[in-house]
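Student: below is the sequence, then the predicted model.
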Protein chains: 2
Amino acid sequence: MAEQGRRRYLGAVDLGGSKILSVVADEEGRILGEDRRPTGASEGPEVGLERIATSLEAALAGAGLRRDDLRAVGVCSPGPIDPARGVIPEAPNLPGWHDVPVCQYLGDRLGVPAILENDATAAAYGEFVYGAGRGCRHIVYITLSTGIGGGLVLDGRLYRGATGAAGEIGHITIDADGPLCGCGKPGHVEALASGRAIAREAEGVLARGGSPLLARLAEEDGELTAATVHRAADAGDPEARRILQRAGYYLGIGLAAYVDVFNPEVIIIGGGLRHIRDLYLGPAEQEMRRRAMAESLRVVRLVEAGLGDYSGVMGVVALLREGPATA
Amino acid sequence: MAEQGRRRYLGAVDLGGSKILSVVADEEGRILGEDRRPTGASEGPEVGLERIATSLEAALAGAGLRRDDLRAVGVCSPGPIDPARGVIPEAPNLPGWHDVPVCQYLGDRLGVPAILENDATAAAYGEFVYGAGRGCRHIVYITLSTGIGGGLVLDGRLYRGATGAAGEIGHITIDADGPLCGCGKPGHVEALASGRAIAREAEGVLARGGSPLLARLAEEDGELTAATVHRAADAGDPEARRILQRAGYYLGIGLAAYVDVFNPEVIIIGGGLRHIRDLYLGPAEQEMRRRAMAESLRVVRLVEAGLGDYSGVMGVVALLREGPATA
């Protein structure tokens, strides 16, 4: 593609429920500027879209660039998206976001073409092009956070499925009559192995008066999350350790399914829970190796995301670099 | 590819545990001759390979063709295969088959290049090119038989994974502490929804003295299989009906996982159990629709294999037509 004047930089945004991360990168994927700010989800989509644009402009300014240096921009966000229309139909973690025309808004506001992608799908592609999946052709990417999302690179190409909804690997059933998932269905991996599942187990322990340390840390934090449980476990709390190991066990059952179905070279773990190694990822890998088929286990590696929090934005950069972005 | 003299016909074999199906087809996928004979699995791999060659020659003769009309041949067989070396390392349903050099044998014996493929993978491709998946780009193929196998066509291409072991969709865990699968691991779809699972449930019923009709039919058949249970259910036996519905329920949990992960346009059902519609596939589809995500359910169709018993051989024909077959 010929360069059109100065327009050779790419803007990418990871739109989360609580924060926005924006970067400006060159065609080689080097980050030249970045910006982080709160999403302000409660203020509604108009404010949110404006914040995305402002964040991109701040990243541009940080790189010493101007708006007309941009060739294209892209956004990745959790949950279902409509990439063809560039619309977020419904955002599970952004209350009040219904049919939000992200691409049209950014296109009009910044005067460049814009794309929209699911965040886990983008992260899988980012890791494939720039991260822990370089050199691999078959990649399962999992983000372990409040929920569990997935993205797939199969035969060296991003796999989106028939309508862009593929890779919902947090929503496979591993316990037919298990607890309800956030999506309302029983026994999903997400309902048994996610940050939300860990927090729910911990709430159960507190309700039974089970762990004074966990109770104190939750009091200090003002909330009870997987991070609280992790801190309690690190301090040696046996209930907290048991909760993490149990979640890891269920994660491993899901991982075994991904191994058997995709026969991947690598499973890349992203998301905040990737840091809980010994007490969560350790049991998960152990259970995966106990359950999956030998032939596929022979080749697969379980690794941490190479780009950390940047998997998603770098995936958007890679997509912008390669694909025709339509305004 | 230029035609070399007369050598423009393709030979394809579906090697099963009990029978061999061979066809000879032209480049357009028209079957010109075919042969069926018992595998004679107990007689060992030398006899088996010789039978495959003889069966191909019989199919050739039936088409009024000679050995030097063949351009290439291919075999599909269940279980893991080594397509690069053309070797069956281990055949779960062919006792005594270890490291059997199928391609080398057929190449030497028939003087043509030969390929080897997993049977469910081949069947998926056959349905994609010639069968119920024509016009689709995202296909999950499932064979429901004694065991449960799968093949994948993703983004319009056969997906084999890193080492050709992808698509083992019968071996995902849907009940963490469920009954042991034939592969030795607990709670797989195959352990709860396959022909073997149906037969095992029926054995339990007979052991409890549960169904006189089922007992009589098993006595008549000399064995107790899913077909026996199907006959009893058709005759109105409540226990047999319950067994099939229960297997269908578990199959549906697996189907929901495939829908969420692959977001396919179509799930194609092959194998002998595809004929048990109301009492097995019906409950399966119902449970799939209860569990999978709305976005993916909106597009997916559940259909019967269009090629019946010929899915596998036609997949081999399609692969031979397109790919470079190496001797």
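Tutor: Thanks, I have it. Numbers count the residues shown, from 1 in each chain, chains lettered A, B, ... in the order given.

Student: list the contacts for the residue nearest to A:Pro80 when sequence neighbours are not counted?
Tutor: Computed as CB to CB, 6 or more residues apart in numbering or on different chains, the closest residue to A:Pro80 that is not its neighbour in sequence is B:Glu295, at 5.2 Å. Bear in mind the C-beta positions are built from the backbone N, C-alpha and C, glycine included. Contacts for B:Glu295 (CB atoms under 8 Å, 6 or more residues apart in numbering or on different chains) come out as A:Pro80, A:Thr163, A:Ala165, B:Asn263.

Student: try A:Thr146
Tutor: A:Asn93, A:Ser194, A:Gly195, A:Arg196, A:Ala226.

Student: tell me the mean pLDDT over stretch A:134-153?
Tutor: Regarding stretch A:134-153, the rounded mean pLDDT is 96.

Student: for stretch A:110-124, same thing?
Tutor: Averaging pLDDT along stretch A:110-124 yields 96.

Student: same check on stretch A:233-241?
Tutor: What stretch A:233-241 shows for mean pLDDT is 96.

Student: give the buried residues for it.
Tutor: Judged by neighbour count using 16 or more other CB atoms under 10 Å in any protein chain shown, the buried positions of stretch A:233-241 are A:Ala233, A:Asp237, A:Glu239, A:Ala240, A:Arg241.

Student: between those, which is closest to chain B?
Tutor: Taking CB to the nearest CB as the measure, chain B lies nearest A:Arg241 of the buried residues of stretch A:233-241, at 20.0 Å.

Student: so which bits of the helix or strand hosting the closest one are buried?
Tutor: A:Arg241 is located in helix A:238-262, with elements delineated by DSSP states H and E. Under the neighbour-count criterion of 16+ other CB under 10 Å, helix A:238-262 has A:239-262 buried.

Student: ok, and which of those reach chain B?
Tutor: Intersecting those with the contacts of chain B gives A:Tyr250, A:Ile253, A:Ala256, A:Ala257, A:Asp260, A:Val261, A:Phe262 (criterion: CB under 8 Å from any CB of the partner chain).

Student: can you put these in CSV and add distance to A:Leu158 and pLDDT?
Tutor: Shown next, in CSV, are those (distance: CB to CB, whole Å; pLDDT from 0 to 100):
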residue, distance to A:Leu158, pLDDT
A:Tyr250, 27, 98
A:Ile253, 26, 97
A:Ala256, 24, 97
A:Ala257, 21, 97
A:Asp260, 22, 96
A:Val261, 17, 96
A:Phe262, 14, 97
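
Student: for those residues, work out which two are farthest apart.
Tutor: A:Tyr250 and A:Phe262 (18.9 Å; CB to CB).

Student: my read: A:Leu10 touches A:Glu28, true?
Tutor: No - between A:Leu10 and A:Glu28 there is no contact under CB atoms under 8 Å: 10.3 Å.

Student: higher neighbour count, those two?
Tutor: Remark: of A:Leu10 and A:Glu28, A:Leu10 carries more neighbours, 26 against 8, as counted by other CB atoms under 10 Å in any protein chain shown.

Student: please, which helix or strand holds the more buried one?
Tutor: Assigned by DSSP H and E, A:Leu10 belongs to strand A:9-15.

Student: averaged pLDDT, that strand. What do you get?
Tutor: Strand A:9-15 shows a mean pLDDT of 97.

Student: so in that sheet, which strands flank that strand, and in what orientation?
Tutor: With DSSP bridges as the test, strand A:9-15 is paired with strand A:19-25 (antiparallel), strand A:70-77 (parallel).

Student: need the ones you listed in TSV with distance to A:Pro38, mean neighbour count and mean pLDDT, can you?
Tutor: TSV is the format used below for those (distance: least, CB to CB, whole Å; neighbours: other CB atoms under 10 Å in any protein chain shown; pLDDT from 0 to 100):
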stretch	distance to A:Pro38	mean neighbour count	mean pLDDT
strand A:19-25	6	24	96
strand A:70-77	15	26	96
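
Student: can I get those strands in TSV with distance to B:Trp97?
Tutor: What follows is these, written out as TSV (distance: least, CB to CB, whole Å):
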stretch	distance to B:Trp97
strand A:19-25	54
strand A:70-77	48
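
Student: rewinding a little: out of the contacts of B:Glu295, which is most surrounded?
Tutor: Within the contacts of B:Glu295, B:Asn263 tops the neighbour count with 28 neighbours, counted by other CB under 10 Å.

Student: that one and chain A: what is the separation?
Tutor: 3 Å (CB to the nearest CB, to the nearest Å).

Student: now A:Gly150, nearest residue through space, not along the chain?
Tutor: Using CB to CB, 6+ apart and skipping the chain neighbours, the partner closest in space to A:Gly150 is A:Ile169 (3.5 Å).

Student: er, A:Asp237 I mean
Tutor: A:Asp237 sits nearest to A:Leu213 (CB to CB, 6+ apart), 4.6 Å away.
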